[in-house]
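Undergrad: can't give you the sequence, but here's the structure:
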């Protein structure tokens, strides 16, 4: 078969171009370290690599969200630790205030000390994160959450919303707690709170309340205790009124004996001293008996600033202090519960970080398997392509030099 000279030239040029293109591709792979230079080189692997890259980017965003949540929760935890200390200091001062040997001047000094604790507590409730965002304001984080209204009553001005951060595929985590749940709430397990009446004219004081039967059908109802008759005449009685019914249910009159246990709705307490006719006391579940730390502390401060010279005034003071101790015990339990929740979320973030790190390593390995170049194989192919190109060039040169004139003569 006869082959035209032009065909020889075209085929030789095409062969060298093919070899040069293959060699150039290998050189690019060696320079970049990537096996896939364009999606057309391996469409299936390129598609899988894109999917893995997108999943890895989402995983990185989860990691950023976890970091943000951890910073916010760490700030809250530090604030709650200080709140815990302040409440414990308040409890210590309340116990000290109950010392019967203290004078009005001494109690006024204690009131001043408690006012300092009040201010510190308010400062913690209005703490910010350093960027102008208030920690305990809920979603209204641009303004201080606590402040007094026109009547001088402390009000919560934030909301009960929580910033939710997507910290993993199926986990949204609250990055904080609102001020109402911290400073104006009690735990669901908090017990009853006893309270006296500042209008009482007798010397009756109550002791601690004990829960004896939480399964009692009346447990959780609010009750009032009212005294009738005369202690001096030996005719003093009391009645218990269930304030949770409509109309209130009034129990039978019971003779009053100082120190004798009074059982009602699965709780037990006692009253000592000599109440006067018409004196009242209340027994309410903690959630109905004043849950605002600021209001409760202000009540104690105001009472300590008043003179307590008569027996009735001293009895009222003791009742206010006993109520304050119980209220702040409940508040402390609530703060500890919230703090435990914060710690639990931080522990969960640590666990999710470990999972996320392992996921990142898996994604990196998958991408490496799909994209990274096998250098040993690439170098072998490089030398093969180089040899093939040289062979094509030498072959073309030999064919180019062929001529019948060289054999004539």
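TA: In hand now; what should we look at? Being a predicted model, the structure only gives us computed values, none of them experimental.

Undergrad: going forward, measure contacts and count neighbours with C-alpha atoms only.
TA: Noted.

Undergrad: Can you classify residue 239 as helix, strand or coil?
TA: strand (DSSP: H, G, I helix; E, B strand; the rest coil).

Undergrad: Please name the nearest non-neighbouring residue to it.
TA: Distances taken as Cα to Cα, 6 or more residues apart in numbering put residue 253 closest to residue 239, at 4.8 Å, once the chain neighbours are dropped.

Undergrad: okay, the one you found: pLDDT?
TA: Looking at residue 253, its pLDDT is 93.

Undergrad: residues in contact with it?
TA: By Cα atoms under 8 Å, 6 or more residues apart in numbering, the contact set of residue 253 is 237, 238, 239, 240.

Undergrad: ok, now with 7 Å
TA: Residues in contact with residue 253, defined by Cα atoms under 7 Å, 6 or more residues apart in numbering, are 237, 238, 239.

Undergrad: Once you drop chain neighbours, what's closest to the first one?
TA: Distance criterion Cα to Cα, 6+ apart; nearest residue to residue 237, sequence neighbours excluded, is residue 255 at 4.2 Å.

Undergrad: what does the second one give?
TA: The shortest distance from residue 238 to any residue other than its chain neighbours is 4.3 Å, reached at residue 227 (Cα to Cα, 6+ apart).

Undergrad: helix/strand/coil for that neighbour?
TA: Applying three-state DSSP: residue 227 is strand.

Undergrad: sorry, back to before: save the contacts of residue 253 as JSON lines, and put in pLDDT and neighbour count too.
TA: Converted to JSON lines, those look like this (pLDDT from 0 to 100; neighbours: other Cα atoms under 10 Å):
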{"residue": "237", "pLDDT": "96", "neighbour count": "19"}
{"residue": "238", "pLDDT": "96", "neighbour count": "22"}
{"residue": "239", "pLDDT": "96", "neighbour count": "19"}
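
Undergrad: Can you tell me which of those residues comes closest to residue 129?
TA: residue 239 (52.4 Å; Cα to Cα).

Undergrad: For the closest one, list each beta-bridge partner.
TA: residue 226 (DSSP bridges).

Undergrad: Residues touching stretch 166-176, excluding its own?
TA: 62, 63, 65, 66, 69, 72, 73, 76, 162, 163, 164, 165.

Undergrad: now do 6 Å
TA: Contact with stretch 166-176 is made by 62, 65, 66, 69, 162, 163, 164, 165, as judged by Cα atoms under 6 Å, 6 or more residues apart in numbering.

Undergrad: swap in stretch 193-203?
TA: 273-276, 279, 281-284, 286, 312, 315, 319, 323.

Undergrad: Distance from the chain centre to the lengthiest helix in the chain, please.
TA: If you go by DSSP state H, the chain has its longest helix at helix 311-371. Taking Cα atoms, centre = their mean, to the nearest Å, one finds helix 311-371 lying 6 Å from the centre of the chain it belongs to.

Undergrad: Model confidence score at residue 270, please.
TA: For residue 270, pLDDT reads 96.

Undergrad: Is it located within a helix, as I assumed?
TA: No: assigned with three-state DSSP, residue 270 falls outside any helix and is strand.

Undergrad: excluding its backbone neighbours, what's nearest it?
TA: Residue 270's closest residue in space is residue 261 (Cα to Cα, 6+ apart), at 4.7 Å.

Undergrad: burial count for residue 58?
TA: When neighbours are defined as other Cα atoms under 10 Å, residue 58 has 14 of them.

Undergrad: what helices or strands is whatever helix or strand it lives in leaning on?
TA: For residue 58, the element it lies in under DSSP states H and E is helix 43-97. Helix 43-97 sits against strand 164-168, with contacts defined as 3 or more Cα pairs under 6 Å, 6 or more residues apart in numbering; DSSP states H and E.

Undergrad: Tell me how far the residue nearest to residue 237 lies from residue 265.
TA: Distance, residue 255 to residue 265, by Cα to Cα, to the nearest Å: 19 Å.

Undergrad: more crowded one of those two?
TA: residue 265 (19 against 15).
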